[in-house]
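Build me a structure from this.
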Amino acid sequence: MASNYAGLLAEKLEQAGNGKQARMIRERLARAPVALANAQDASNGISFGNLPVDGESHLHTVDVSHPVEDETNLLLPSAIASRIGEFIVNVQRYDELSRVNAAMPSRLLAYGPPGTGKTKLARYIAAKLRLPLLTVRCDTLVSSLLGQTSRNLRRVFEFAQQRPCVLFLDEFDALASARGNDRDVGELQRVVIALLQNIDAITESTVVIAATNHDRLLDPAVWRRFYFRVPMQIPDTALRRQLWVQFLLPYTTEGVDLDHLAGISAGITGANIEQVCLDTKRATVLAGTVEISELELLRRLGLNLAITSGILLSTVEAEIYWLREWSPKHFSFRALAKLYGLSTRYVGKVIKEGSEHGAQERPRISPGTAQPTD
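I've put the predicted structure just below:
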């Protein structure tokens, strides 16, 4: 009954020339009454208790999570943090802004290298808005059957409008790659068209976040659908310092030269810093100590840099070679002997003469690789 009366009110307002108010009422109706109807009649396969599934594999095409604000602390550069703040306020005060034609569609596109926090950003925004997060699973959404991917997309977008939520399209380039290239096929073009149509059809107040590592692959028409665009880049020195402190918690950073640490970790992502900190904290617990060892932290950082640079370090000797070449100032013979439980004589022999495995894998520091600064 409430839905019917609201619909009549929208018609009266429109007839009286108040089209903006009529549109706002219809947007509200698109979110609430449709959800009630679908909850009572799940004949189309979409309801509160029934996640959308792929018609071919019968697997869910979305995952639902409920991020909590206390668990989603996110460090960002000041300009990016300000832009995210604008987006959150736009969502929270959408109706108020809409009354003066100042509201922008609640759609955000995050792009940048892997490990820069795009998925964490989606969780952070959902937590701030106190909304469930619907993460689209592209591995099941994209089907081999002709037309099935487009149907999956429609079901996902319809499901997202059943109740307030944040719809997160991760690996967005899998759905929104540019049309017209030589390798393109008709089905891929239809998927992009279906994606654009679904984005256009969804209410402007529905929160949609897309993330991609390959922004250059996106179709030009996709960019126009997202009024908030956020580049997620490699952290600068100041942000890296903050990340080291945050990820080392609950341990203190006493005895660790954070400025030096932030300097020698240039070029790595927040995900790399987090992994190094996790490895170091694990080693601290297993060693039975109560404080972080700066030398162990530097060792973990050096090994992480080797992995991300594609350098194979499968032996202790290879690691010793790499660490000594990477930072001779910190990794003296004595320090390496202590870290690996070896004699200084053996460490010196390995570095001077090499061993069968260590010599074969002796790394070369490539241009652009982070190097320590004195």
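
Could I get the full set of strands for the stretch 151-300 of the chain?
Counting by DSSP state E, counting those that start in this stretch, the stretch 151-300 of the chain has strands at residues 166-169, 207-212, 228-231.

Reformat these as TSV; add mean pLDDT and mean neighbour count.
The C-beta positions use only the backbone N, C-alpha and C, and glycine is treated the same way. Output for the strands of the stretch 151-300 of the chain, formatted as TSV (pLDDT from 0 to 100; neighbours: other CB atoms under 10 Å):
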stretch	mean pLDDT	mean neighbour count
strand 166-169	90	26
strand 207-212	90	26
strand 228-231	90	17
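
And the ones you listed: which comes nearest Glu274?
When the strands of the stretch 151-300 of the chain are compared by CB to CB, strand 207-212 sits nearest Glu274, at 17.6 Å.

Adjacent strands (with direction) for the closest one?
Here strand 207-212 has these sheet partners by DSSP bridges: strand 107-111 (parallel), strand 166-169 (parallel).

quick one: average confidence on the host helix or strand of Glu96?
For Glu96, the host element (DSSP states H and E) is helix 94-98. For helix 94-98, the mean per-residue pLDDT is 85.

ditto for stretch 352-365
Average pLDDT, stretch 352-365: 50.

coming back round to it: could you redo the strands paired with strand 207-212 as CSV and give each row distance to Arg155?
Output for the strands paired with strand 207-212, formatted as CSV (distance: least, CB to CB, whole Å):
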stretch, distance to Arg155
strand 107-111, 19
strand 166-169, 12
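
Ok, which of those comes nearest His260?
strand 107-111 (30.8 Å).

just for the stretch 101-250 of the chain, where's the confidence low?
139-140, 143-146, 176-188 (pLDDT under 70).

any idea where the helices of it begin and end?
Assigned by DSSP state H, counting those that start in this stretch, the helices in the stretch 101-250 of the chain fall at 118-129, 138-141, 148-160, 173-176, 186-201, 220-223, 237-248.

Could you pull out the buried residues of the third one?
Within helix 148-160, the residues that count as buried by 16 or more other CB atoms under 10 Å are Gln148, Thr149, Ser150, Asn152, Leu153, Arg154, Arg155, Val156, Phe157, Glu158, Phe159, Ala160.

Could you identify the most distant pair in these?
Applying CB to CB across the buried residues of helix 148-160, the maximum distance is between Gln148 and Ala160, 18.8 Å.

check contacts around the residue nearest to Cys277 when sequence neighbours are not counted.
Sequence neighbours aside, Phe247 is the residue nearest to Cys277 in space, at 3.7 Å (criterion: CB to CB, 6 or more residues apart in numbering). Phe247 makes contacts with Ile273, Glu274, Val276, Cys277, Leu278, as judged by CB atoms under 8 Å, 6 or more residues apart in numbering.

ok so, going back, could I get the helices of the stretch 101-250 of the chain in a markdown table, plus columns for distance to Pro105?
Shown next, in a markdown table, are the helices of the stretch 101-250 of the chain (distance: least, CB to CB, whole Å):
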| stretch | distance to Pro105 |
| --- | --- |
| helix 118-129 | 15 |
| helix 138-141 | 22 |
| helix 148-160 | 14 |
| helix 173-176 | 16 |
| helix 186-201 | 9 |
| helix 220-223 | 13 |
| helix 237-248 | 29 |
